[in-house]
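Engineer: Okay, sequence plus prediction incoming.
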Amino acid sequence: MDSPKVGIYVCHCGGNISDVIDVKDVVAKAGLLTGVALAKEYPFMCSDPGQGMIVDDIRSGKIDRVVVAACSPTLHELTFRNALIRAGLNPYLFEHINIREQVSWVHKSDKAGATAKAIRLIAAGVAKVAIQDPLENLTVDAVQGVAVIGGGIAGMQTALALSASGFQVSLIEKTPNLGGKLLSLDTLYPDGEKAADFLSPLCEAVFKDVNIAVHCSCEVEEITGFVGNFKLRISNGSEFAAGAIIMATGYENYQPKSAEMGFGSFPGVITLPMLHEILKKHKNAEGNAGFMVDGRPIHKVAFVHCIGSRQAEGVNEPQADGKVNDYCSRVCCTAALHAIRELTAGFPNIRVFDIYQDIRTYGRGHEEIYEKVADSGTIFFRYEQATPPVVADGTVTVQDVLTWNEKLEIPADLIVLATGMMPQPIQKLVEQLRLPRGSDRFLQEAHPKLRPVEIANNGIFLAGTCQGPMDIKESSAAAFAAASKAAALLGKGKISLDPFVARVNSSLCDGCKACLAECSYPGAITLIESSKGFVAKVTGALCKGCGACAAVCPHRAIEIAGWGLDQFDAMVDALVAEEA
């Protein structure tokens, strides 16, 4: 095998790197490393001219390995791999060195030290890529069907979009009806459209679609398999395969604790979802002259925002997992204002008081709702988190920031708590699929800009409020995005996966089972019989490349492709040599 010819390319990143790191010194010293054929610098390596430098040097035969020292590989590793593909070189004969986030941004006060660190990291990258063997992506066949878990707005929109693309869809809903939380609403913001008018055609389209199998009153019992060929078993006994899974499990409304803001202690304290139900019944009733709740005439209504959202440690009672809901639920401000608009439109004589921390009307047309409510005579009071309102029977006491912290007692026949959103309790699914969750307990996408609606688990996508508070338009947009991602994944009939999975040197393996005991992914490693006895075997589609198996193997018989143990040895040697 010919000696490797490594090309090094150091990016200035428009000053983000070069203002701290002496790029010319880095290039000069990196060019002297063993195996390096050339070293260059450029203001923006990710630009077309920057990528063109790499392509030209490969095509001319000057280099057959590439090291780029630039920003985070999360941003541009794929960019440079694609450049290698265009030049006709295996895309995995490449190493991306992060000298922005890991060097220049964290060592601004030590330019000499930052420069030296950049050189050491590049030396380690050169040592690693110099002994890198060309890798080939894994390929798996793709079942041309998708399982959508959740039959609310996001789930239905996803199912219809996938059907329109020619895929078979299994739509699984745990309740008897499709529609989710929308079933309890009368009208929708911002334009006041009837919820039933929006929902009914959608449900009808789903049930009529020959490509969609609807399973209501069903829950997922078991999921096995991998991207392209998941196996699902649901509670009605059905068992089917799916190439991809879309989580559309939605949200649940925050339920106030006993006596929280008077809830459960005083009959005049209800939640915003409860008010929606009351308003819906009132509009369906005939000859009702006034607004009545439980037989009581209502003349004054107070709304209190941020119940179950924006909570503080030590102030609010935590959930079962010990955490408070410190996030903003985003949509409950507009939902409360829309309810006020509906209430005052139907019952003009009612006085309304709105008690808030901050009002977040972020969507198109939302601010107009706030303005109309304000113009209609609603009186606003603003409180700070440190001094929340105190609810008693028939009154709300608030220390009002708008009147220079004056303590005011507000009379109210009805007190409405604008409760936030919480993720559905789907712990069983989270554990089976090892789904990532954020600190807010919602499912977490891989990257909000680079990989929206995707998660780290191959073949699983997110739609709607399972990943965070959203309104209907946002949920629908996420649904279409998830459907598009799934269709793109399955459309070619085969799925290409990164090759960074465990591989076994059977000549060194003695079947000790240490790797099986350490592996967190069922089925990724199994034992098979060979001429020398039992040895480990890896199913690449199930392996996540975490390296836990390699760490515990006493014989160095298992390692991760692209991150071999000899490569780690070479990197450590290079780091030590440069440091010395």
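Structural biologist: Perfect, I can see it now.
Engineer: contacts, neighbours, all on C-alpha from now
Structural biologist: Fine.
Engineer: helix, strand or coil for the residue nearest to the spatial centre of the chain?
Structural biologist: A centroid search over the chain (Cα atoms, centre = their mean) returns E445, at 1.7 Å, as the residue closest to the centre. Put simply, E445 is coil when judged by DSSP: H, G, I helix; E, B strand; the rest coil.
Engineer: Quick check: it touching E454?
Structural biologist: Yes. At 5.3 Å, E445 counts as touching E454 under the criterion of Cα atoms under 8 Å.
Engineer: who touches both of those two?
Structural biologist: Contact criterion Cα atoms under 8 Å, 6 or more residues apart in numbering; residues shared by E445 and E454: L462.
Engineer: okay, now the residue lying closest to F442 once chain neighbours are set aside: neighbour count?
Structural biologist: Excluding its sequence neighbours, the residue lying closest to F442 (Cα to Cα, 6 or more residues apart in numbering) is Q467, at 4.9 Å. Using other Cα atoms under 10 Å, the number of residues around Q467 comes to 25.
Engineer: Could you do the one 10 residues further on as well?
Structural biologist: As a burial measure, the neighbour count of A477 was computed by other Cα under 10 Å and equals 16.
Engineer: Repeat that for the one 3 residues further on.
Structural biologist: Here the number of neighbours of F480 (other Cα under 10 Å) works out to 22.
Engineer: any idea how far L121 is from it?
Structural biologist: Taking Cα to Cα, to the nearest Å as the measure, F480 falls 42 Å from L121.
Engineer: Whatever helix or strand K40 lives in pairs with which strands, and in what direction?
Structural biologist: According to DSSP states H and E, K40 maps onto strand 36-42. Strand pairing for strand 36-42, using DSSP bridges, gives strand 6-11 (parallel).
Engineer: Kindly export the strand it pairs with (C-alpha atoms) in PDB.
Structural biologist: Presented in PDB, the C-alpha positions along strand 6-11 are these (Å, rounded to 0.1, in the frame of the first residue of the first chain):
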ATOM      1  CA  VAL A   6      -2.600  13.900   3.600                       C
ATOM      2  CA  GLY A   7      -3.900  17.400   2.700                       C
ATOM      3  CA  ILE A   8      -4.500  19.900   5.600                       C
ATOM      4  CA  TYR A   9      -6.800  22.800   5.200                       C
ATOM      5  CA  VAL A  10      -7.100  25.400   7.900                       C
ATOM      6  CA  CYS A  11     -10.000  27.800   8.000                       C
END
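Engineer: Give the rounded mean pLDDT of it.
Structural biologist: Averaging pLDDT along strand 6-11 yields 98.
Engineer: and what of stretch 292-306?
Structural biologist: 95.
Engineer: how far does it stretch from start to finish?
Structural biologist: Note: stretch 292-306 ends 25 Å apart using Cα to Cα.
Engineer: residues in contact with it?
Structural biologist: Taking Cα under 8 Å, 6+ apart as the rule, stretch 292-306 contacts 278, 290-291, 328, 332-333, 336, 349-357, 396, 410-420.
Engineer: From the residues you listed, list just the buried residues.
Structural biologist: Among those, those classed as buried by 16 or more other Cα atoms under 10 Å are 278, 290-291, 328, 332-333, 336, 350-357, 396, 410-420.
Engineer: So which of these sit within helices?
Structural biologist: 278, 332-333, 336 (DSSP state H).
Engineer: Would you confirm that N98 contacts T74?
Structural biologist: No. Using Cα under 8 Å, N98 is not in contact with T74; the gap is 9.6 Å.
Engineer: Among these two, which residue is more densely surrounded?
Structural biologist: Legend: neighbour count by other Cα under 10 Å for N98 and T74, higher for N98 (19 against 11).
Engineer: how near is the more buried one to L75?
Structural biologist: Distance from N98 to L75, by Cα to Cα: 10 Å.
Engineer: Pull the contacting residues for G35.
Structural biologist: With the criterion set at Cα under 8 Å, 6+ apart, G35 makes contact with 3-6, 126, 130.
Engineer: Let me see the backbone angles for the residue nearest to the centre of the chain.
Structural biologist: Backbone geometry at E445, expressed as degrees, to the nearest 10, gives phi -70, psi 160.
Engineer: which one is it nearest to, not counting chain neighbours?
Structural biologist: I455 (4.6 Å).
Engineer: now do C218
Structural biologist: K174 (4.6 Å).
Engineer: Now that neighbour: which helix or strand?
Structural biologist: Per DSSP H and E: K174 is located in neither a helix nor a strand.
Engineer: Could you check the pLDDT of it?
Structural biologist: 96.
Engineer: Equivalent analysis for the one 10 residues further on, please.
Structural biologist: At S184 the predicted local confidence, pLDDT, stands at 91.
Engineer: before we move on, the earlier item: sort out which of the buried ones among the contacts of stretch 292-306 are in strands and list them.
Structural biologist: Judged by DSSP state E, the subset of those located in strands is 351-356, 396, 410-411, 414-419.
Engineer: ok, so of the residues you listed, who is nearest I234?
Structural biologist: I234 lies nearest to T419 out of these, by Cα to Cα, at 32.1 Å.
Engineer: and stretch 492-505, how far from the chain's centre?
Structural biologist: Here the centre of stretch 492-505 is set off from its chain's centre by 23 Å, with Cα atoms, centre = their mean, to the nearest Å.
Engineer: Same question for stretch 537-551.
Structural biologist: With Cα atoms, centre = their mean, you get 23 Å for stretch 537-551.
Engineer: could you dump it to CSV, C-alpha only?
Structural biologist: What follows is stretch 537-551 as a C-alpha-only set of coordinates in CSV (Å, rounded to 0.1, in the frame of the first residue of the first chain):
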residue,chain,number,x,y,z
LYS,A,537,-21.6,-10.8,15.6
VAL,A,538,-22.8,-7.2,15.1
THR,A,539,-26.1,-6.3,13.3
GLY,A,540,-25.0,-3.0,11.9
ALA,A,541,-28.5,-1.5,11.5
LEU,A,542,-29.1,-1.9,15.2
CYS,A,543,-25.7,-0.7,16.4
LYS,A,544,-25.4,3.0,17.4
GLY,A,545,-21.6,3.0,17.3
CYS,A,546,-21.4,4.1,21.0
GLY,A,547,-18.2,2.1,21.6
ALA,A,548,-19.2,0.7,24.9
CYS,A,549,-18.5,-2.8,23.6
ALA,A,550,-14.9,-1.9,22.5
ALA,A,551,-14.2,-0.4,26.0
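Engineer: ok, which stretches of the stretch 301-450 of the chain are helices?
Structural biologist: 332-346, 366-375, 427-433 (DSSP state H, counting those that start in this stretch).
Engineer: Repeat that for the stretch 51-200 of the chain.
Structural biologist: Going by DSSP H, counting those that start in this stretch, the stretch 51-200 of the chain shows helices at 73-86, 111-130, 153-164, 195-208.
Engineer: now the shortest one and helix 195-208, what's the angle there?
Structural biologist: In other words, helix 153-164. Using axes from the mean of the first three to the mean of the last three Cα atoms, to 10 degrees, one finds that helix 153-164 and helix 195-208 are set 40 degrees apart in direction.
Engineer: With that, I have no additional questions.
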